[in-house]
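In: Here is the input, now give the coordinates:
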Amino acid sequence: MLPYNIDHVAIVVSDLDAAIEEFRRQYQAEPISRETVDEQGVEEAMIAIGGSHIQLLQPLDDDSAVGQFLARRGEGMHHVAFAVPDIDLAIAHLRDTGARMIDETPRIGGRGNRIAFAHPAAFAGTLIELVEVIE
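Out: Take a look at the predicted model:
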């Protein structure tokens with residue numbers, strides 16, 4: 001299981017509109033999509049940067065995982081997402097290596113992609129998302 005790209009780096013923000021405007025002002029980059037992902041309790045905007053993306057995440061409520069992250073740590077980097085060609089094989093590979101998984105089976109995330117998270121304890125305290133990108 002080799003990731004073939006960094007799909008995105010996620011940054012938690014408290015105000016998505018303000019963050020989009022500041023990103024636009026500083027980096028002259030526009031969101032290519034914006035959506036609410038109720039299952040994850042977030043509103044997100046994706047901004048293309050080369051072959052990867054920056055994902056800005058605003059929690060929908062304080063009780064969501066991202067809302068709790070924002071309350072504990074404030075705004076900042078949340079996770080790194082790797083694009084993988086087959087998420088089922090990627091999950092199986094990580095499990096076989098002893099990596100602790102948050103998601104044992106894929107779920108639907110932003111852009112309709114199948115996703116799964118590896119627990120931060122699996123690698124250097126970093127939350128890793130696997131993304132099977134729909135082209």
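In: Apart from its neighbours in sequence, what residue is nearest Glu104?
Out: Ile91 (6.9 Å; Cβ to Cβ, 6 or more residues apart in numbering). (Each C-beta comes from the backbone N, C-alpha and C, glycine too.)
In: who's in contact with that neighbour?
Out: Met101, Asp103, Glu104, Thr105, Pro106, Ala116, Leu130 (Cβ atoms under 8 Å, 6 or more residues apart in numbering).
In: Tell me who's in contact with Thr126.
Out: The contact partners of Thr126, by Cβ under 8 Å, 6+ apart, come to His79, Val80, Pro120.
In: Let me know the secondary structure of the second one.
Out: When you say that, I think you mean Val80. strand (DSSP: H, G, I helix; E, B strand; the rest coil).
In: Any idea how many residues pack against it?
Out: Per other Cβ atoms under 10 Å, the neighbour tally for Val80 reads 17.
In: My guess is it contacts Val9. True?
Out: Yes. Here Val80 reaches Val9: they are 5.6 Å apart, a contact under Cβ atoms under 8 Å.
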